[in-house]
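Trainee: pasting the structure only:
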């Protein structure tokens with residue numbers, strides 16, 4: 001497939017297996033952008049304020065999301081916390097909750113209530129293995145725990161291996177991979193371990209992230225060689241690697257008014273997530289990182305839709321499709337509420353992308 005010259009492309013609706021949809025008026029602004037980006041299935045993060053540690057609150061949140069976007073299938077998660085006991089896991093499984101998210105305490109947005117000692121949750125992980133819930137890992141350690149010269153993600157990888165060895169039947173997702181080492185670590189694990197890759201980690205490196213508040217996120221983008229390893233994983237056809245945008249909205253003012261290096265961590269890609277993956281692949285072809293023949297219809301469908309659905313034991317297609325056409329559309333600077341009180345800046349403003357329309361299943 002020659003992405004640079006193709007004028008029209010039809011794909012199954014994307015399954016975004018890592019989204020931040022926030023709450024309140026921000027939620028009202030962000031949730032409709034899922035469909036704008038070609039997504040009809042979304043795995044929702046639980047790091048609200050306060051975090052979603054109770055099954056009833058998760059279900060209440062899901063109902064609010066459905067009210068805003070009734071055409072989207074929302075997969076829900078609990079926030080791993082001492083109150084999430086084996087009994088909570090059993091209740092969650094009965095309620096149809098799909099996973100539990102592990103945040104290292106203090107490692108990212110709204111993670112103050114996260115995990116300081118992984119081993120303290122072994123009973124909970126055993127219950128998850130029994131009831132077949134997915135463990136979603138923010139795969140980083142705190143800076144104080146990373147050896148010098150080692151990224152926070154690379155320092156976490158032994159924990160991934162340890163958890164997989166201890167609970168071989170537990171489905172585990174290493175979220176938002178950013179390093180070549182993480183790709184290799186996931187490949188080395190059994191079939192119950194998968195990984196999500198974002199759109200923005202396919203085009204950002206540490207150079208942009210250190211200087212541009214709209215490119216600053218956690219985990220921080222890494223070296224060009226790491227970015228290129230992610231791109232190669234996307235077009236490998238390996239079902240362990242699937243799409244999870246980690247699109248993370250913050251008020252525009254908090255990104256623009258913060259002192260250098262103090263902007264909140266998060267890149268907002270949701271209104272154009274599918275298009276940004278395609279743009280990153282176009283640029284990778286231009287750089288010679290992947291060949292034109294590496295980007296096929298089948299591999300795009302696998303990464304963006306089928307592999308994630310399969311890992312979460314969903315039907316491999318929803319029946320909905322998206323049509324992408326080159327019409328000269330450019331990424332707009334922001335999305336905002338009708339009142340204008342909530343505004344979120346979008347990644348890669350001004351970049352030319354495919355225009356997207358829907359073909360809904362009958």
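Mentor: Received, thanks. Because the structure is a prediction, the values reported are computed rather than measured.

Trainee: in contact with residue 133, which residues?
Mentor: 89, 92, 93, 97, 98, 99, 100, 171 (Cβ atoms under 8 Å, 6 or more residues apart in numbering). Heads up, the C-betas are built off the backbone N, CA and C, glycines and all.

Trainee: what about 7 Å?
Mentor: 89, 92, 93, 97, 98, 99, 100 (Cβ atoms under 7 Å, 6 or more residues apart in numbering).

Trainee: grab the two from these that are most spread out in space.
Mentor: Spanning the widest gap among the contacts of residue 133 are 89 and 98, at 12.0 Å by Cβ to Cβ.

Trainee: so of the contacts of residue 133, which ones are in strands?
Mentor: 99, 100 (DSSP state E).

Trainee: buried ones among the contacts of residue 133?
Mentor: Neighbour counting by 16 or more other Cβ atoms under 10 Å classes 89, 92, 93, 97, 98, 99, 100 among the contacts of residue 133 as buried.

Trainee: roughly how far does the fifth one sit from residue 305?
Mentor: The one in question is residue 98. According to Cβ to Cβ, to the nearest Å, residue 98 stands 17 Å off from residue 305.

Trainee: what does the helix or strand containing residue 310 contact?
Mentor: According to DSSP states H and E, residue 310 maps onto helix 307-311. With Cβ under 7 Å, 6+ apart as the test, helix 307-311 has contacts from 15, 17, 41, 171, 194, 239, 241, 242, 243, 315, 316.

Trainee: CSV please, covering the residues you listed and showing distance to residue 53 and pLDDT.
Mentor: Below are the contacts of helix 307-311 laid out as CSV (distance: Cβ to Cβ, whole Å; pLDDT from 0 to 100):
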residue, distance to residue 53, pLDDT
15, 25, 98
17, 21, 98
41, 24, 98
171, 21, 98
194, 24, 98
239, 31, 98
241, 29, 98
242, 26, 98
243, 27, 98
315, 30, 96
316, 32, 92
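
Trainee: type out the ChimeraX command that picks the buried ones from those.
Mentor: To isolate the buried ones among the contacts of helix 307-311 in ChimeraX, judged by 16+ other Cβ under 10 Å, type:
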select :15,17,41,171,194,241,242,243
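
Trainee: so of the contacts of helix 307-311, which ones are in strands?
Mentor: 15, 17, 41, 194, 241, 242, 243.

Trainee: wait, doesn't the first one sit right on residue 41?
Mentor: Yes - distance between residue 15 and residue 41: 4.1 Å, which falls inside the contact criterion (Cβ atoms under 7 Å).

Trainee: ok, which stretches of the stretch 101-250 of the chain are strands?
Mentor: 134-137, 172-174, 193-197, 241-243 (DSSP state E, counting those that start in this stretch).

Trainee: for the closest residue to residue 304 other than its chain neighbours, give me its contacts.
Mentor: Once flanking residues are discounted, residue 304 sits nearest to residue 14: 4.6 Å by Cβ to Cβ, 6 or more residues apart in numbering. Each residue near residue 14 by Cβ under 7 Å, 6+ apart is listed here: 38, 39, 243, 273, 274, 304, 305.

Trainee: my guess is the fourth one contacts residue 199, does it?
Mentor: Yes - counting by Cβ under 7 Å, residue 273 touches residue 199, with 5.3 Å between them.

Trainee: now the common contact residues for these two.
Mentor: residue 245.

Trainee: returning to what we had before: between the strands of the stretch 101-250 of the chain, which gets nearest to residue 149?
Mentor: Of the strands of the stretch 101-250 of the chain, the one closest to residue 149 (Cβ to Cβ) turns out to be strand 172-174, at 21.2 Å.

Trainee: what's the closest one packed up against?
Mentor: strand 134-137, helix 152-166, strand 193-197 (3 or more Cβ pairs under 7 Å, 6 or more residues apart in numbering; DSSP states H and E).

Trainee: what backbone torsions are found at residue 322?
Mentor: Residue 322 adopts backbone torsions of phi -120, psi 140, taken as degrees, to the nearest 10.

Trainee: contact partners for the residue nearest to it when sequence neighbours are not counted?
Mentor: Spatial nearest neighbour of residue 322, excluding adjacent residues (Cβ to Cβ, 6+ apart): residue 38 at 4.3 Å. Counting by Cβ under 7 Å, 6+ apart, residue 38 makes contact with 13, 14, 273, 274, 322, 356.

Trainee: same thing but at 10 Å, please
Mentor: For residue 38, the contacting residues are 11-14, 16, 271-275, 277, 304-305, 320-324, 354, 356-358, by Cβ atoms under 10 Å, 6 or more residues apart in numbering.

Trainee: just checking, residue 53 touches residue 103?
Mentor: No - at 11.7 Å, residue 53 and residue 103 do not qualify as touching, with contact defined as Cβ atoms under 10 Å.
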